[in-house]
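Student: quick check, what structure comes out for this input:
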Amino acid sequence: MINAYSANGTITTLAPADALQQLPENIVWIDLVHPTAQEDSYVEGLLGIQVPTRDDLKDIEPSSRLYIEKGAVFMTASLVWRADSNSPELTDIAFILAGSRLVTVRYAEPKSFQLFIAALGRNSDDLRDGPTMLARLLETIADRTAEVLEHAVDHIDKLSIDIFRDRGKRRPPQFLEGKLADIAEFHRLVSKVRDSLNSLSRLLAFLMNVPLIHDDMSDKNLCQTVAHDVTTLSEHAAFIASNIAFLLDASLGLINVEQNSIIKIFSIASVVFLPPTLVASIYGMNFKYMPELDWHLGYPLAILGMLLSAIIPFFFFRWKGWL
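Tutor: Coordinates of the predicted model:
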């Protein structure tokens, strides 16, 4: 699908069947969403550029993601999408500055694009051309990334409270093992965000040296602001990642403590019942001459001896604080 946006925020859907030979002058952004090969060729014919394919976007070499060809600026960034789900992913999106127009090629629908498109009508006075449109779009992407990290921090704080509350109460290891899945989920999200921020940082460093941006003080200042925000968000994401690592280590440590407590109970139980077992083993021997066998009180005394041999170690361990 090809969506064309004008400077005043109006949207037009283009199709190869329209057979347009030239784009209207007021079109400043062309957004290709899940484009077909025919739609790619159609846009290439209108703008005189080569539109990257899905395979081209997956290339991780910096020289293949950031370059200038025939006066057009080609940039590829990895953005987080499905951040609100249990399986966040990275999607590669191409940003192309072809003269005064911006072209984006994407095979996913990140929320940042939805937010930017929804606000086009309100910010139409500031969106005079493609470079400005790109700078504002990158600003929205940074704001959306900050929102994702903010939500992650809130959930991690709640997770921390769940893990460390009621420390005086003994909880089964299954409770903490269930929290490990939540920790892994947030670790995956923050990792994706950090990869996205690194990608945006490289894109912005390249973009600010492009003449279309460098020669326009307004766009350059906005890109510098977004670059500073991305750097700050990267540092914040690293801090969140360290907190997640601490939660993981703490959860594993608490699981070990709980398991050791269970093993300690079994060890103490075996030690407590070892003396009675010894007494019972002695009087279970089949020797012919055992004086206690002729005692009238031999049986109750043996039972009493077994009870005392179990009770005394129990109270001794309790006095030592081992129970």
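Student: just list what the longest helix anywhere in the chain packs against, helices and strands only.
Tutor: If you go by DSSP state H, the chain has its longest helix at helix 217-272. Where contact means 3 or more Cβ pairs under 8 Å, 6 or more residues apart in numbering; DSSP states H and E, helix 217-272 is packed against helix 130-164, helix 173-207, helix 211-214, helix 298-319. Bear in mind the C-beta positions are built from the backbone N, C-alpha and C, glycine included.
Student: those helices: which one's closest to residue 56?
Tutor: With Cβ to Cβ as the criterion, residue 56 lies closest to helix 173-207 of the helices and strands packed on helix 217-272, at 15.4 Å.
Student: which neighbouring elements make contact with the closest one?
Tutor: When contacts are defined as 3+ Cβ pairs under 8 Å, 6+ apart, helix 173-207 packs onto helix 62-65, strand 66-69, strand 72-81, strand 89-98, helix 130-164, helix 217-272.
Student: of all these, which lies closest to residue 4?
Tutor: Distance to residue 4, taken as Cβ to Cβ, is lowest for helix 130-164 among those, at 11.9 Å.
Student: how far is the closest one from where the chain is centred?
Tutor: On the basis of Cα atoms, centre = their mean, to the nearest Å, helix 130-164 sits 11 Å off its chain's mean C-alpha point.
Student: report the buried residues of it.
Tutor: For helix 130-164, the neighbour count (16 or more other Cβ atoms under 10 Å) marks 130-142, 144-146, 148-149, 152-153, 156, 159-160, 163 as buried.
Student: repeat for stretch 51-66
Tutor: Quick answer for stretch 51-66 (16+ other Cβ under 10 Å): 51, 52, 56, 57, 65, 66.
Student: what is the nearest of these to residue 244?
Tutor: Ranked by distance to residue 244 (Cβ to Cβ), the buried residues of stretch 51-66 are led by residue 65 at 28.2 Å.
Student: ok so, going back, how about the helices and strands packed on helix 217-272, which one is nearest residue 78?
Tutor: Closest approach to residue 78 among those is made by helix 173-207 (4.3 Å; Cβ to Cβ).
Student: which parts of the closest one are buried?
Tutor: By neighbour count on 16+ other Cβ under 10 Å, the buried set for helix 173-207 is 176, 179, 182-183, 185-187, 189-190, 192-194, 196-197, 199-204, 206-207.
Student: got the helices and strands packed on helix 217-272 as JSON lines, with distance to residue 1 and mean pLDDT columns?
Tutor: Formatted as JSON lines, these follow (distance: least, Cβ to Cβ, whole Å; pLDDT from 0 to 100):
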{"stretch": "helix 130-164", "distance to residue 1": "18", "mean pLDDT": "85"}
{"stretch": "helix 173-207", "distance to residue 1": "24", "mean pLDDT": "83"}
{"stretch": "helix 211-214", "distance to residue 1": "27", "mean pLDDT": "77"}
{"stretch": "helix 298-319", "distance to residue 1": "73", "mean pLDDT": "74"}
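Student: of these, give the one that comes closest to residue 83.
Tutor: That would be helix 130-164 among these, by Cβ to Cβ, at 4.6 Å.
Student: and that closest one, what does it pack onto?
Tutor: strand 27-33, strand 72-81, strand 89-98, strand 101-106, helix 111-118, helix 173-207, helix 211-214, helix 217-272.
Student: next, format these as CSV and append distance to residue 309.
Tutor: Shown next, in CSV, are the helices and strands packed on helix 130-164 (distance: least, Cβ to Cβ, whole Å):
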stretch, distance to residue 309
strand 27-33, 80
strand 72-81, 65
strand 89-98, 64
strand 101-106, 77
helix 111-118, 70
helix 173-207, 33
helix 211-214, 86
helix 217-272, 9
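Student: I'd like the next helix or strand past whichever strand or helix holds residue 43.
Tutor: Using DSSP states H and E, residue 43 falls within helix 37-47. Per DSSP H and E, the first helix or strand lying C-terminal to helix 37-47 is helix 54-57.
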